[in-house]
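Peer 1: Below are the sequence and a predicted model; questions follow.
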Amino acid sequence: MVQDSQRPPAPDGRSQEPGPPQAGPVSLPRRGFILSSPGAVPERGPAVGPSATAISPAPPRSTSALELTARLGGDGLLVATALVSLVFSVIQWATPNLIGIDGYYHIRLAAILRDQGWRMVLPLDFPWLPTTILNPAEFTDAHLLYHLLLVPFSLLDLRLGAKLAAVIFASLALLAAYQLMARHGVRYSLIWLMVLLASAWPSLFRLSMTRRQSLTLLLLLLALYLAFTQRRRWLVPLGFAFIWLFDGFPLLLGVCGAALIGNWWERRRPDWGLVLYPALGIALGTVIHPYFPKNVIFSYLHVLPKILQLLGLGTGDVVIQVGIEWYPYSRDFLWEANWLALVLVPVGFVPIVLDPRPSRLRALDGKVVTLAILAVVFLVMFLRARRWVEAEPTFATLFCAFAWNRAQPDRLAGRLAQLIPAGAQPLAGLAAAAVVAPLLYLSVSATMSDVRSENNYVEYRDASLWLARNTPPGARVFPTDWDDFPELFFWNTHNVYLVGLDPTYMYLHDGPAYLRWRSITRGQVERPSAAIRDEFDCGWVFTDREHRAFLRQAAADPDLVEMFRDGDTVVYAVKGWQPRQSRAAPANTTLNV
C-alpha cells in the first residue's frame, strides 16, 4: 500500500490549518513510496534543522507511469481483487452456458420476484412443483436472501446476469479470505491467496455456480473476522442474514463454536457470546421470516434425508439417490484434483508439532487453534461429501497461513529470518509466486476444461417453448429426470412439473408416488401412459434422449403420441388425459433471455 505523507499534527493533537511558513522543525513531504501490508505505519520524512526559517514549495510534478504502477502494485487489496476477478471471469466466460444447473432456477425465480415489485419480500405464490414439499400450500423460499440479491442481475439478460452475479459473489468470498489474512498480519497474504485459488480446481467450479455457496462461505469468513476482532454483537445481524440465505445454520454455529474454543484456549475463559449472539440472530431470522413457520418445517424435511444419506442409514431400494454433491469423490479423483488442499492441513500442523511442549501449546494463538479445528472438521466433511469442496480448501489455506505466521517455534523463526532477511523478503515473495503460478494456471485450466462440458443452455429451449405454446395454462408435465426442472422452469413458467430440484422433495410429499415415478422413468413399467395419465394427472411427458429404456417403452405404447423431437429432447402427449380439477395458471414471466 502506498503511504502518502500528511500535514504534521499540531502539538496539542489538532490538525494544523494552512498558513504562512513558520520557523521551527517541520517535516518535509516524503518523496517516493513504500510497499507494505495493510496497517503499515508510514515513514516520516527527514526533519529540517532549527536554522531553517522558510521552505520554498516544491514545484508540482506529475506522477510518472512507473510510480503509478508501483503504487497500484503495492495496494494488496487492489491486486487481490484483480486476481480473483480475473480468475473467476476467465472461468465463467469459458462457456456461454451457466455453470451447474440450479442457476437456471435461481435466476428465473429472481426475475419472478422482480416482477412482484415491493411485494417481493412477501410470500410467493409458487405453483410449479405441486406434488412435492414445495407445493403451493407448503412452499418456502429457503434461499430468500440469495434470490433478493439476484434481483438486480435479473434486470439484464437472465443468462448473462446469472454469470455476472456468480463472478461477483465468488470474488467477494475469496477477497474476504484475503482480508482475514492481511488484517491479521499474515505475511505474503497474496501468495497464500494464490495457493487458495490453486489448491483444488473443483472448488473454483462450485464457486462459479450461480448458487448460494459463495455467499455462504463469505458469511462464514465474516463470522470469523467478527470473532477474531471481538465484534460479537455484529454476529446477531450476520446470523439473521445467514438463515435467510441458507437453512444450514449448524455451519455458522460450528464456525462460531470453533472460535469460542480458540478464544477460550488463548484467554483461559469462555466467551459464550461468540455462540449466543449468532444463535440469537438465527432465531430472529427464523421467526421474522415471510414463510414462518413453514420455513422451520421445510428445514427439518430438507436436512434430515441428507443426514441419513451421509450416515449411510438408508437400506434397500427405497433409499433416495440425492444429488451427486452429497457423495464423495473417487479416491483417484480426490487426490488428482485436490491434492494441495488435502496436504495443506497436515502442513499447517508442522510448526506446531516441532515444539510440542505443553507450555508452548498452551501459548498458541487462539486464531490458530480456531482454524485448526475448522480445517480438520471440513477435511472430514469433504472426504465424506464433495459438496464441501469450496470450504475445505479455504479453511485449510487459512489454517496453514496463520500457523506458519503465528505458531513458529523461536528456533524455526530465527532460522527463517537468517535465510530470508528483511531486505530479501520481496524477492522471496516473488520466488514463491513463481512457484505457485504454474499450479494456479493448471487449476484454472482444469476448471475451464470442465465448464466447457456443461449442458448447452438452449438444449431444452425449443421443447420448453413448444409446451408453453401448445398446452393449457398450468398443465402438469411429467419429466423423466428430477434435475430437468431448473432448465424447464428457466424457459417455461406456463406449465407446472411433477418433480424437481431434489428427489427427496417428492419422496417426502408422497413416497409411493415417487417410487412409482422412478420405476416408470427407468423403463420398468410397460405401457406407462395409463399410470402417467391416471396416477399422476399428467397430459404431457418431457424426456431427453439419454433415457433409452423409457424411450423404448414409450415407442411401444400407443397412448403416448410423439409431438416434438429435436436432437436432445422428446415431448409426448398422453391420449385420453383430462384435467381432474381446474388449476390456477402460473405466472408466465417475460422470457428476456
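Peer 2: Cool, got the structure.
Peer 1: mind listing what's buried in stretch 350-370?
Peer 2: 351-352, 355, 364-370 (16 or more other C-beta atoms under 10 Å). No exception for glycine: its C-beta is placed from N, CA and C like everyone else's.
Peer 1: Actually, stretch 537-555.
Peer 2: Buried-residue list, stretch 537-555, by 16+ other C-beta under 10 Å: 537-544, 547, 550-551, 553-554.
Peer 1: Farthest-apart pair in the buried residues of stretch 350-370, please.
Peer 2: Spatially, the most separated pair among the buried residues of stretch 350-370 is D355 and T370, at 19.7 Å (C-beta to C-beta).
Peer 1: which secondary structure element contains L226?
Peer 2: helix 213-228 (DSSP states H and E).
Peer 1: name the helices or strands packed onto that helix?
Peer 2: In terms of contacts (3 or more C-beta pairs under 8 Å, 6 or more residues apart in numbering; DSSP states H and E), helix 213-228 is packed against helix 144-150, helix 158-182, helix 201-207, helix 235-245, helix 249-267, helix 366-384, helix 391-406.
Peer 1: Switch the ones you listed over to a markdown table; also include distance to P123 and mean pLDDT.
Peer 2: Output for the helices and strands packed on helix 213-228, formatted as a markdown table (distance: least, C-beta to C-beta, whole Å; pLDDT from 0 to 100):
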| stretch | distance to P123 | mean pLDDT |
| --- | --- | --- |
| helix 144-150 | 10 | 97 |
| helix 158-182 | 23 | 97 |
| helix 201-207 | 30 | 96 |
| helix 235-245 | 14 | 97 |
| helix 249-267 | 21 | 94 |
| helix 366-384 | 33 | 95 |
| helix 391-406 | 31 | 94 |
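Peer 1: got these as JSON lines, with distance to T229 columns?
Peer 2: What follows is those, written out as JSON lines (distance: least, C-beta to C-beta, whole Å):
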{"stretch": "helix 144-150", "distance to T229": "24"}
{"stretch": "helix 158-182", "distance to T229": "10"}
{"stretch": "helix 201-207", "distance to T229": "25"}
{"stretch": "helix 235-245", "distance to T229": "11"}
{"stretch": "helix 249-267", "distance to T229": "11"}
{"stretch": "helix 366-384", "distance to T229": "10"}
{"stretch": "helix 391-406", "distance to T229": "14"}
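Peer 1: closest to A227 out of those helices?
Peer 2: So among the helices and strands packed on helix 213-228, helix 249-267 is nearest, using C-beta to C-beta, at 3.6 Å.
Peer 1: Just the buried residues of the closest one, please?
Peer 2: So, applying 16+ other C-beta under 10 Å, buried residues of helix 249-267: 249, 251-266.
Peer 1: What segments of the stretch 451-593 of the chain are helices?
Peer 2: All helices of the stretch 451-593 of the chain, identified by DSSP state H, counting those that start in this stretch, fall at 461-470, 485-491, 503-509, 511-521, 529-534, 548-555.
Peer 1: Out of the ones you listed, flag the one nearest L149.
Peer 2: helix 485-491 (18.3 Å).
Peer 1: What helices and strands are in contact with the closest one?
Peer 2: By 3+ C-beta pairs under 8 Å, 6+ apart, helix 485-491 packs against helix 102-116, helix 461-470, strand 476-479, strand 496-497.
Peer 1: Right, I'll call it a day here.
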